[in-house]
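# Sequence below, structure please.
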Amino acid sequence: MTTHPSIEQHPDVAEMRSRFERATATPRAQAIETLALLTGLFLAASPWIVGFNGLTTLAVCNLITGVAYALCMGGFGPAYERTHAMAWAAAVIGAWTIVSPWVVSGNVDTTRSVVTNVIVGCVALLLAVAMAAMKSDSSGSSRSRGRGRRDRDVGAMG
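Purely as a prediction, here's the structure:
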């Protein structure tokens with residue numbers, strides 16, 4: 001009977017985790033995470049802040065999506081490599097926030113609700129895409145640096 005080491009022991013997994021940890025330790029990533037958390041909290045409280053809490057269906061929708069957005073985007077720094085895909089889910093929440101005044105049942109497309117949801121939804125969508133792009137920035141630059149060294153080494157040998 002053979003035993004296989006767990007995937008957690010694989011060297012590529014360790015390097016990937018290290019790369020993601022470096023990406024989230026940057027001031028840019030921390031700023032995006034903070035702004036996203038504040039955006040989610042504002043979205044959750046927006047019906048009461050802006051004054052459309054009488055539109056019950058949209059108020060409940062904003063409360064739920066705001067909390068979900070804040071959970072997806074905030075507080076995951078230590079576990080970034082496991083939760084990075086949540087940034088794409090947060091992007092979907094941002095897109096939903098933009099269209100929700102026209103989709104949620106009832107007559108909820110008032111000026112206050114539309115303007116608030118479109119602005120907050122656009123901010124949420126941009127922050128989520130920026131967070132999702134953090135992974136590709138860090139992995140792409142690491143790979144290209146590695147290739148450059150290998151190419152120079154091969155060129156020196158040949």
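# What's the first helix or strand after the helix or strand of the chain with the lowest mean pLDDT?
Scoring the helices and strands of the chain by mean pLDDT, DSSP states H and E places helix 80-83 at the bottom, with a mean of 56. Next helix or strand after helix 80-83 toward the C-terminus (DSSP states H and E): helix 86-103.
# Show me the contact partners of that following helix.
Applying C-beta atoms under 8 Å, 6 or more residues apart in numbering, the set of residues contacting helix 86-103 from outside is 36, 43, 58, 61-62, 65, 68-69, 72-73, 76, 108-110, 113-114, 117-118, 120-129, 131-132, 134. Heads up, the C-betas are built off the backbone N, CA and C, glycines and all.
# Please indicate which of these are buried?
Neighbour-count burial (16 or more other C-beta atoms under 10 Å) applied to those gives 36, 43, 58, 61-62, 65, 68-69, 72-73, 76, 108, 110, 113-114, 117, 120-121, 123-128, 131-132, 134.
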